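Student: Dropping the sequence and predicted coords here.
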Amino acid sequence: MMRAKIIRLLMQNPSEFVSGQEMADQLSISRAAVNKHIDKLRQMGCDILCKPNAGYRLNGLCDLLLPELVEVYRFSPQEAPYEIVHFDSLSSTNQKAKELALKGAEHGTVVVCEEQTEGRGRQGRQWLSKRGEGIYCSIILRPSVPPEQVHQFALMAGVAVARAISALGMLGNVGLKWPNDVLCGSRKISGILCEMSADPDGVEYLVLGIGINVKQQEFPRELWGIATSMAMETGRSCVRPQLLAMILTEFFDLYQEAMVKVSFEPMLREYVDWSVCVGKQVTVSSHRSRISGRCLGFGPDGALVLRDQEGKMHSVLAGDVSVRGDGMYV
């Protein structure tokens, strides 16, 4: 993306002005094109100072989840394995992604927005999605796998999120609670919602929704002690485009590895390392049943494996989990 390249040039010279002609020469575009891109970046909210006979200097980037800004933080010479579609406001990124998937949107399409008016978690629960406070994105995938393996991609997204937020300051405090929650300490910081369209021949498309609390400083009373954010955990502001770039990079690296090896085993081994369930007494509840026992790990299909008090083994693919053992996790 040309605007991303312009931002990188300005970032390489943080205290100096860069002439429009110099940028035009380096990027092999016209001086008029440089001016046009600079004007667009300023309209987006980037703080770019223009000085006659000197050029341009970047004073600050905006925090929007724009494709150009995410690209700036990707730091890779390779073409991105995804394409971001940005919206200001949506009822739900998963809903928009499903609409686009039905219209033929390609594998790797990533729907993002600044706010959701009807954000959803698992089982129809509300996900608070105020403007500019979180990451709200949905990834369209078209994997060549049988429907029973789709559950693995939700676990994969959890690993990607855990890697990214740990790298940004929360190492040692991040855990994954099967099947869809990312925790910091005892509180939830991220949730994953996996929805698919499939037939007996295979998966038509998969929509993987990821919601992350980034900048929230407080939550409604009913979420006290349950939810947290990166700002609350680290005491500093996180750059949302940078976080999104890191998550997408981690996810598609994991995805590519699984597809090349035709195996989710390496990802599952890492998932165990992040898990707050393994070795603990857990209770898995669904509308049909309630099973308690010690979590022994996860099966090759991503199912939670537990042994109840009678010694009977259970393999569970879906449900809400409560975890006991150290008094922290619920």
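Tutor: Here it is on my side, so go on.
Student: what sits against Met246?
Tutor: If a contact means CB atoms under 8 Å, 6 or more residues apart in numbering, then Met246 has Tyr73, Arg163, Ala164, Ala167, Leu168 as its contacts. Quick note: C-beta positions are derived from backbone N, CA and C, even for glycine.
Student: Kindly give a single PyMOL line that selects the buried subset of the residues you listed.
Tutor: To isolate the buried members of the contacts of Met246 in PyMOL, using 16 or more other CB atoms under 10 Å:
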select buried, resi 73+163+164+168
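Student: Check the contacts of Met246 against Val284 and report the nearest one.
Tutor: Nearest to Val284 out of those is Arg163 (CB to CB; 25.7 Å).
Student: quick revisit: quick check: the farthest pair among the contacts of Met246?
Tutor: Maximum distance among these (CB to CB): 15.0 Å, for Tyr73 and Arg163.
Student: circling back to that earlier point, from the contacts of Met246, which land in helices?
Tutor: Using DSSP state H, the subset of those located in helices is Arg163, Ala164.
Student: now the helices for the protein?
Tutor: Assigned helices in the chain, in chain order: 2-11, 20-27, 31-44, 67-72, 93-102, 151-165, 230-234, 240-261, 265-274 (criterion: DSSP H).
Student: quick one: contacts of the second one?
Tutor: In other words, helix 20-27. With contacts defined as CB under 8 Å, 6+ apart, helix 20-27 is touched by Met2, Lys5, Ile6, Leu9, Ser30, Arg31, Ala33, Val34, Asn35, Ile38, Gly55, Tyr56.
Student: Keeping just the C-alphas, turn the helix or strand bottoming out on mean pLDDT in the chain into CSV.
Tutor: The weakest-scoring helix or strand in the chain, judged by mean pLDDT, DSSP states H and E, is strand 320-324 (a mean of 86). Output of strand 320-324 as CSV, limited to C-alpha atoms (Å, rounded to 0.1, in the frame of the first residue of the first chain):
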residue,chain,number,x,y,z
ASP,A,320,-19.0,-23.4,29.1
VAL,A,321,-16.1,-24.2,31.4
SER,A,322,-15.5,-23.3,35.0
VAL,A,323,-12.1,-24.0,36.4
ARG,A,324,-11.2,-24.8,40.0
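Student: For the remainder of this discussion, apply numbering that starts at 43.
Tutor: OK, 43 is where the count begins now, so the last one is strand 362-366.
Student: Give the other helices and strands that it contacts.
Tutor: The criterion is 3 or more CB pairs under 8 Å, 6 or more residues apart in numbering; DSSP states H and E, and the helices and strands that strand 362-366 contacts are strand 323-327.
Student: The strand it packs on - what's its average pLDDT?
Tutor: In this model, strand 323-327 has an average pLDDT of 92.
Student: now do stretch 147-162
Tutor: Across stretch 147-162, the average pLDDT comes to 91.
Student: List the buried residues of that stretch.
Tutor: For stretch 147-162, the buried set under the neighbour-count rule, 16+ other CB under 10 Å, comprises 147, 149-158, 161-162.
Student: now swap in stretch 270-282 and tell me
Tutor: Burial within stretch 270-282, assessed by neighbour count using 16+ other CB under 10 Å, is assigned to Thr270, Ser271, Met272, Ala273, Met274, Glu275, Cys280, Arg282.
Student: Tabulate those residues (JSON lines), appending pLDDT and distance to Glu246.
Tutor: Formatted as JSON lines, those follow (pLDDT from 0 to 100; distance: CB to CB, whole Å):
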{"residue": "Thr270", "pLDDT": "91", "distance to Glu246": "36"}
{"residue": "Ser271", "pLDDT": "91", "distance to Glu246": "35"}
{"residue": "Met272", "pLDDT": "91", "distance to Glu246": "35"}
{"residue": "Ala273", "pLDDT": "91", "distance to Glu246": "38"}
{"residue": "Met274", "pLDDT": "89", "distance to Glu246": "39"}
{"residue": "Glu275", "pLDDT": "88", "distance to Glu246": "38"}
{"residue": "Cys280", "pLDDT": "87", "distance to Glu246": "35"}
{"residue": "Arg282", "pLDDT": "95", "distance to Glu246": "31"}
